[in-house]
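**Student:** How does the following fold in three dimensions:
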Amino acid sequence: MDKIELSKHIKQGDTFYTPYTDPNGLGATLSISSWAKCWLPEFLWIGLIVKKQGRKKGLESLYHIIEDLKRDDMAIPQLSKIFELSGEQQKKYWSIVTRYVERNILLPLTVVITPDINETFYDFFFDFSMSVDDNISELLGIAKETNRFHDELSTDICFIVDWFYVLKGKLHISSEIDILPTALSEYYKHNHKDEVMRAYRPIIRSTFQGLCNLDCSKEFSERIWKVLGKISECNPLVIVWDEEATMDFYKIAKQTIEYFSANNEDKKMESKYAVIMGMTCYIYKIYQEIVEKQMQNGIGGRILFRTMLETYINLKYMMQQEGEVSDIYERFKAYGNGKYKLVMAKLREEKYTVSDDSQIDEKIMELIVNEDMDEAFVNMSVGYFDKTGVRTKFQKCGEDELYEIYYEYATNFAHGIWGAIRESSMLICDNPAHTYHCVPDYHMDQNLRSVLGDCEMVMKKTFDAIAAYIELPDFYTI
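**Tutor:** Reported below is the predicted structural model:
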């Protein structure tokens, strides 16, 4: 399907709906079904015939089968519906099919259509001399070739199903749809490479969708996939990302920090200096940890990168606001001390207790909270610093891209949202019988694309932001 532009989405509350999912529009009646999961198992027998007899002969054989079935009022394409016929009718059905198709063509289905699913089919096609592994391999091959609804063999299946309904008299073609009669009568005559098939295939598939939405059994399909899934192994795939080896900027950043430590003596007693350079060092220390602990290709690297971003934007925001709020740096320190005080007080008053080996040290927290003034004068806030949300700070600083792309993306990792879990901790299973499901990365094989380039960007932005206040070394020319 074509990609839907953001501007075409409909906003309701905090959700952006697509034109297809709008609850006040198409979404109120739209029912979404997966071709592979809900429909394909019903028609695997058709796919086997077309695949193993060859497209031209297979389509012709199936047309004759439909005509013969129609005479006995059994022109039904869905396996689940066929299995609802009486035992004698089912034997008659498959006898008609095998007038034009050798039994070994449908034999692989006995691997999944076992006696507990349908004894008549199993007895009719099972062969004790068959190779189970070969039949499983054949089923996996056909499932892979028909996994996507727009695949060529999938469309061939749709064409045959359409003809089942045509010959049963259940498909009534409107005179306003000029292309459908032509597509139904000409489709089988053309190779998929022919230009005209670009027009025929969509109408064949859309007709199928309208016909089969109510006639297929999702329960049956789930049962078939479950059996096939049990008898075939997962084949998880890993995307391997290279680790960045260049350390050129990191060396420059390290030398720049060392330069800061040896200079700016005239500012070292200022609260502004403590906050600006404390935040700069905090950003740098995170960057250093990512580099030296080689965290650039892991989940931790992304979470730390988000912290770099948020620290940078708070720093830039305060530097912009200091003209209007003269004591903004003192306020920032007091806000942070209040956050620490809230945790410390709950521990001290024994609302909660933490183990001796916890990362939290109450005494250290108490020391920090009381560092500038007695905690009796330290307020506690449960809101944003300066009562300004993170997004607003990015906007006021002219860093919309940083928020809308980098921060939003990294937030998925910080909060354990599914997209981040899927990218970092789940592997796609390359087994069509498992409908390409995802499996947990138990062996920690999947790494992530490096964050070093993005960390360098934030580090450079940080140096640029403080350049008006702190002298940068001559060698820093980036």
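**Student:** In this structure, where is pLDDT below threshold?
**Tutor:** 1, 27, 29-31, 172-177, 213-214, 245, 478 (pLDDT under 70).
**Student:** what about the strands in it?
**Tutor:** 10-12, 15-17, 236-237, 426-429, 438-440 (DSSP state E).
**Student:** Would you tell me which one of the ones you listed is buried the most?
**Tutor:** strand 426-429 (a mean of 18; mean count of other CB atoms under 10 Å). The way it works is simple: take the backbone N, C-alpha and C, and place the C-beta from them, glycine included.
**Student:** got the contact list for that strand?
**Tutor:** 234-238, 436-441, 445-446 (CB atoms under 8 Å, 6 or more residues apart in numbering).
**Student:** Pull the most distant pair out of those residues.
**Tutor:** Pairwise distances among the contacts of strand 426-429 were taken by CB to CB; the largest, 17.7 Å, belongs to Tyr436 and Asp445.
**Student:** These two: which has the busier surroundings?
**Tutor:** Between Tyr436 and Asp445, counted using other CB atoms under 10 Å, Tyr436 has the larger neighbour count: 15 against 12.
**Student:** mind listing what the more buried one touches?
**Tutor:** Asn147, Ile428, Cys429, Asp430.
**Student:** mind redoing it with 10 Å?
**Tutor:** Residues counted as contacts of Tyr436 (CB atoms under 10 Å, 6 or more residues apart in numbering) are Ala36, Ala143, Lys144, Asn147, Leu237, Ile428, Cys429, Asp430.
**Student:** How about Asn135?
**Tutor:** Asn104, Leu107, Pro108, Leu109, Thr110, Val111, Val112, Asp127, Ile231.
**Student:** what would those residues look like in TSV with distance to Phe385 and neighbour count?
**Tutor:** Formatted as TSV, these follow (distance: CB to CB, whole Å; neighbours: other CB atoms under 10 Å):
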residue	distance to Phe385	neighbour count
Asn104	74	12
Leu107	70	17
Pro108	65	26
Leu109	65	25
Thr110	68	20
Val111	63	20
Val112	60	22
Asp127	75	11
Ile231	58	14
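**Student:** Tabulate these (JSON lines), appending distance to Met279.
**Tutor:** Output for the contacts of Asn135, formatted as JSON lines (distance: CB to CB, whole Å):
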{"residue": "Asn104", "distance to Met279": "73"}
{"residue": "Leu107", "distance to Met279": "70"}
{"residue": "Pro108", "distance to Met279": "65"}
{"residue": "Leu109", "distance to Met279": "66"}
{"residue": "Thr110", "distance to Met279": "69"}
{"residue": "Val111", "distance to Met279": "63"}
{"residue": "Val112", "distance to Met279": "61"}
{"residue": "Asp127", "distance to Met279": "75"}
{"residue": "Ile231", "distance to Met279": "58"}
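**Student:** Widest-spaced pair of those residues?
**Tutor:** Going by CB to CB, the pair spanning the contacts of Asn135 furthest: Asn104 and Ile231, at 19.4 Å.
**Student:** check contacts around the spatially most central residue of the chain.
**Tutor:** By CA atoms, centre = their mean, the chain has its centre lying nearest to Gly419, at 5.3 Å. Contact analysis of Gly419 by CB under 10 Å, 6+ apart lists Tyr409, Asn412, Phe413.
**Student:** can you count the residues close to the second one?
**Tutor:** With neighbours defined by other CB under 10 Å, the count for Asn412 comes to 18.
**Student:** Distance check, His437 against Glu310.
**Tutor:** 35 Å (CB to CB, to the nearest Å).
**Student:** Revised request: answer the last question for Trp163.
**Tutor:** 61 Å.
**Student:** Likewise for Gln395?
**Tutor:** For Gln395 relative to Glu310 (CB to CB), the value is 14 Å.
**Student:** Which one's more surrounded, the two?
**Tutor:** Taking other CB under 10 Å, Gln395 and Glu310 do not tie; Glu310 has more neighbours (19 against 15).
**Student:** export the contacts of Tyr436 to a markdown table and tack on distance to Phe83?
**Tutor:** Formatted as a markdown table, the contacts of Tyr436 follow (distance: CB to CB, whole Å):
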| residue | distance to Phe83 |
| --- | --- |
| Ala36 | 20 |
| Ala143 | 20 |
| Lys144 | 25 |
| Asn147 | 24 |
| Leu237 | 35 |
| Ile428 | 32 |
| Cys429 | 29 |
| Asp430 | 31 |
